[in-house]
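1. here is a sequence with its predicted model. Questions after.
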Amino acid sequence: MRTTKQQQREIKSRLDEKLSLSAPTPALLESLASECATSSSQDATFQYAFALSKSASSPPELSYAITLLGSLLKSGYPHQIDCMIGSAQAHYLLRHYKEARSTAEAILRNNPQNALAGELHVASMLALEEEEKKKVRDVAIGGTAAVAALGLALLLGGRKKH
């Protein structure tokens, strides 16, 4: 699926909005954590991990979600795609865009019609591109500042000798 830059920005904006609106409340997380701790059910673990995967304000919770979802995948949990979506969401919210993109691509290879995976893929690619542009701009600004400082130092240093 080819998209223009404007379409990519719109997709990323919609995904960011979806993720911010679906962030779980502390009460929900506490309830799910309690249920997960008292039950040995993979479904309880999945519900807790998937809710954690949307906890944008807490990087440790996002990392824990990735760990839980990964262990569910390894144990053969039947809802593999949902685990991968949760993991991709958590990576995206952690700004680990390469991992989010890679996970979304893995989902799309087997389920090309998965809309959320498509959105995560496009948004991750755009975020990576924006991150790279920012790095290049920062390096250029830093380089310019260093050259200016060197020039000023040489200019001032040359005046002291006279």
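-> Looks like it came in fine.

2. what's the closest non-adjacent residue to the spatially most central residue of the chain?
-> What sits nearest the mean C-alpha location of the chain, by CA atoms, centre = their mean, is Y92, with 1.3 Å. Take Y92 and drop its neighbours on the chain: the residue closest to it by CB to CB, 6 or more residues apart in numbering is A100, 4.0 Å away. In this view, the C-beta of every residue, glycine as well, is placed from N, C-alpha and C.

3. what strand or helix carries that neighbour?
-> helix 97-110 (DSSP states H and E).

4. check A117 too.
-> A117 is part of helix 115-161 when elements are defined by DSSP H and E.

5. just checking, the residue nearest to the centre of the chain touches V122?
-> No. Applying CB atoms under 8 Å, one finds Y92 not in contact with V122, separated by 11.2 Å.

6. related to what we said a few turns ago, helices and strands around whichever strand or helix holds the residue nearest to the centre of the chain, which ones?
-> Secondary structure from DSSP H and E places Y92 in helix 80-93. Helix 80-93 is packed against helix 5-21, helix 42-52, helix 59-74, helix 97-110, helix 115-161, with contacts defined by 3 or more CB pairs under 8 Å, 6 or more residues apart in numbering; DSSP states H and E.

7. got those helices as a markdown table, with mean neighbour count and mean pLDDT columns?
-> Shown next, in a markdown table, are the helices and strands packed on helix 80-93 (neighbours: other CB atoms under 10 Å; pLDDT from 0 to 100):
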| stretch | mean neighbour count | mean pLDDT |
| --- | --- | --- |
| helix 5-21 | 14 | 92 |
| helix 42-52 | 21 | 96 |
| helix 59-74 | 18 | 96 |
| helix 97-110 | 18 | 96 |
| helix 115-161 | 13 | 77 |
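
8. how about JSON lines for those, with distance to Q80 added?
-> JSON lines is the format used below for the helices and strands packed on helix 80-93 (distance: least, CB to CB, whole Å):
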{"stretch": "helix 5-21", "distance to Q80": "21"}
{"stretch": "helix 42-52", "distance to Q80": "11"}
{"stretch": "helix 59-74", "distance to Q80": "6"}
{"stretch": "helix 97-110", "distance to Q80": "9"}
{"stretch": "helix 115-161", "distance to Q80": "12"}
